[in-house]
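> give the three-dimensional model of this entry:
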Amino acid sequence: MTDVEENVPLKDPGDAESGPCKPETSGPTREDKSSSKDPSYVLSVTGLIDTVNDVSKLSSKIGMNHDFHMEEKVLPPSSLEGRVKETMHNAFWDHLKEQLLATPPDFSCALELLKEIKEILLSLLLPRQNRLRSEIEEALDMDLLKQEAENGALNVPHLSKYILNMMTLLCAPVRDEAVQKLENITDPVRLLRGIFQVLGLMKMDMVNYTIQSLQPQLQEHSIQYERAKFQELLNKQPSLLAHTTRWLTRAAADLSTPLPSCPDAPDAPSTTCPSPSEAASGPEPPSPTMVLSQGFLNLLLWDPEDEAFPETLLMDRAWLQELEAQLCQLTVLASVLVVASSFSGSILFGSPPFVDKLKRITKALMEEFKSRPEEEAMLTVSEQVSQEIHQSLKNMGLAALSSDNTASLIGQLQNIAKKENCVRSVIDQRIHLFLKCCLVLGVQRSLLDLPGGLTLIEAELAELGQKFINLTHHNQQVFGPYYTEILKTLIPPAQALETEVGSL
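Predicted coordinates:
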């Protein structure tokens, strides 16, 4: 079985009796091809995680990721589990072949396979597709097929052809090519094996279609369930919001402290996001929106040794750490590209294929950060990037870098490993500013006026920004009422009542 990679929004099913609804990619659509050290606190937090995770982990993940989809697990062929699975599958199909070639043929395995295929076909139907359901039940009547098998008259090729025709009607257009390839297979065992594999993909398509259809309900269920369970624990442990309160207090204080600048770097970033609420900034206190946005940004810089993580975000901590790691990678990637462009010239960096290749090389080499000190890994990055620039300049007939420039390029790239590196600091500030703007303006509007150094990673920033928004939005929907009450104590009443967090 292969992975299900496609997950495109589905079309409405249409009239079931006029024909099957054909999924665009993943479901039915159309027929036509057109902490603190306090033990009680620790126990409460542990209870929160254990109680909520069992039900809401998947639904909240679906709610936060509109592109969420299930995938068939693919085992590495070299793994023991993968080899065992492949051996067992081959043994089954070899046994089926032996049975069909026997004299007289033995159809016992074929009947079991046809029974499972029938169940899969029926599972792909929508509730209103009664005509097709009756047709499949009649064509694959297991009692009748069993009688035919006992009399040696089971026509496997004919049944396979019928199944292929039905798959053509029910599959997503993205599966059409796979189904058409099956039509060219004459060996009955190979054909049945191919049918079974493609049906597995179609079944996963239906699962993803169902997930998409139920996403609003799953999201609402997750919100209500998480909030109810948290409230139960809060009733037993009134101090359960202590860390959350400190988190928001720190965010409010941070807003009064300007970001440090790096005067040696060109085009140092502004420290404010051009939003309506900030346009009239001055001595006035920050709004709840600004405080909460700053708080979420601070989570991306959280010290792993700091146990006072906000109670309301404990279940999202792993996802926040993933976003933090992705942000760090983008900071290094953009810094490498900025330094490389300063040595390559506009002609070379004006070539999208070159930039894409340099990004692929850098991303691949950055994987070594997981197993090697960043300083050592950046040495490999600097040498590889330098060689790529040298070769590309040569291929385009441009002047190659001098030995001094090459040494300077390698040195500057290596220095990116230091977090205090000026280029890296500026890029880091700009990405955080971008994420802050995403929370206020949305991803698309924030992408309209990217500062220098970020335009080369626009696609990666869009992905990061959307993930960050999805996570923060879900958390606000769950815990908005608690945040509103806390912020009322941090911000003057008139300002605090301006916007309730739960409605952000």
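> drop to CA atoms for contacts and neighbour counts, all remaining ones
Will do.
> what mean pLDDT does stretch 360-368 get?
Averaged across stretch 360-368, pLDDT comes to 88.
> how about stretch 313-333?
Confidence for stretch 313-333, expressed as mean pLDDT, is 91.
> ditto for stretch 387-398
Stretch 387-398 comes out at a mean pLDDT of 87.
> can you report how many residues neighbour residue 463?
For residue 463, the count of nearby residues is 11 (other CA atoms under 10 Å).
> I'd like to know which elements the lengthiest helix in the chain is packed against.
In the chain, assigned by DSSP state H, the helix with the most residues is helix 188-236. The contact analysis (3 or more CA pairs under 8 Å, 6 or more residues apart in numbering; DSSP states H and E) places helix 188-236 against helix 39-64, helix 80-101, helix 108-123, helix 156-170, helix 176-182, helix 458-490.
> would you turn those helices into CSV with mean pLDDT and distance to residue 191?
Shown next, in CSV, are the helices and strands packed on helix 188-236 (pLDDT from 0 to 100; distance: least, CA to CA, whole Å):
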stretch, mean pLDDT, distance to residue 191
helix 39-64, 47, 36
helix 80-101, 81, 11
helix 108-123, 92, 12
helix 156-170, 92, 8
helix 176-182, 91, 6
helix 458-490, 91, 40
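> so which of those helices is nearest residue 295?
Proximity to residue 295 (CA to CA) singles out helix 458-490 among the helices and strands packed on helix 188-236, at 10.2 Å.
> mind listing what's buried in that closest one?
461-462, 464-480, 482-484, 486-488, 490 (16 or more other CA atoms under 10 Å).
> excluding its backbone neighbours, what's nearest residue 140?
residue 118 (6.6 Å; CA to CA, 6 or more residues apart in numbering).
> what is the neighbour count of the one you found?
18.
> ok, it - contacts?
136, 137, 140 (CA atoms under 8 Å, 6 or more residues apart in numbering).
> of those residues, closest to residue 248?
For those, the nearest to residue 248 is residue 136 (59.8 Å; CA to CA).
> surely that closest one touches residue 122?
Yes: counting by CA atoms under 8 Å, residue 136 does reach residue 122; the two are 7.4 Å apart.
> near residue 183, how many other residues are there?
Counted with other CA under 10 Å, residue 183 comes out at 15.
> can I assume it is in contact with residue 164?
Yes: look at residue 183 against residue 164 with CA under 8 Å: they come within range, at 7.4 Å.
> quick one: the residue nearest to residue 140 from residue 201, how far?
15 Å (CA to CA, to the nearest Å).
> what of residue 438?
For residue 438 relative to residue 201 (CA to CA), the value is 36 Å.
> do residue 446 as well
37 Å.
> equivalent analysis for residue 331, please.
38 Å.
> which one of these two has more residues nearby?
When neighbours are counted by other CA under 10 Å, residue 331 and residue 201 differ, and residue 331 comes out ahead with 25 against 22.
> contacting residues around that one?
424, 427, 428, 431.
> next helix or strand past the host helix or strand of it?
For residue 331, the enclosing helix or strand under DSSP states H and E is helix 317-349. Scanning forward in sequence from helix 317-349 by DSSP H and E, the next helix or strand is helix 352-366.
> could I have the helix or strand harbouring residue 136 exported to CSV, CA atoms only?
Per DSSP H and E, residue 136 falls inside helix 130-139. C-alpha atoms of helix 130-139 as CSV (Å, rounded to 0.1, in the frame of the first residue of the first chain):
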residue,chain,number,x,y,z
ASN,A,130,-29.2,2.9,-2.8
ARG,A,131,-29.3,1.9,-6.5
LEU,A,132,-25.5,1.2,-6.6
ARG,A,133,-25.7,-0.5,-3.2
SER,A,134,-28.3,-3.0,-4.6
GLU,A,135,-26.3,-3.5,-7.8
ILE,A,136,-23.1,-4.4,-5.9
GLU,A,137,-25.1,-6.7,-3.5
GLU,A,138,-26.5,-8.5,-6.5
ALA,A,139,-23.3,-8.7,-8.6
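> would you mark the buried spots in that helix?
For helix 130-139, by 16+ other CA under 10 Å, it's 132, 133, 136.
> and if you look at stretch 234-248?
Buried, per 16+ other CA under 10 Å, within stretch 234-248: 240, 241, 243, 244, 245, 247, 248.
> that one - what's its average pLDDT?
For stretch 234-248, the per-residue pLDDT averages 91.
> gap between that stretch and the chain center?
Distance of stretch 234-248 from its chain centroid, counting by CA atoms, centre = their mean, to the nearest Å, is 31 Å.
> count of neighbours near residue 199?
There are 22 residues near residue 199, going by other CA under 10 Å.
> give me the domain ranges for this structure.
By the assignment in automatic domain parsing, the chain contains the domains 1-34+54-211, 237-503.
> tell me the secondary structure for residue 304?
Under DSSP: H, G, I helix; E, B strand; the rest coil, the three-state class of residue 304 is coil.
> pLDDT score for it?
Residue 304 is given a pLDDT of 79.
> tell me the contacts of residue 109?
96, 99.
> from residue 251, how far off is it?
Residue 109 is 65 Å from residue 251, by CA to CA.
> before we move on, the earlier item: quick check: the two most widely separated of the contacts of residue 331?
424 and 431 (10.5 Å).
> pass me the low-pLDDT residue ranges in the stretch 151-300 of the chain, would you?
215, 257-285 (pLDDT under 70).
> I'd like the helices and strands packed on helix 188-236 as CSV, with distance to residue 391 appended.
Formatted as CSV, the helices and strands packed on helix 188-236 follow (distance: least, CA to CA, whole Å):
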stretch, distance to residue 391
helix 39-64, 44
helix 80-101, 41
helix 108-123, 54
helix 156-170, 50
helix 176-182, 41
helix 458-490, 26
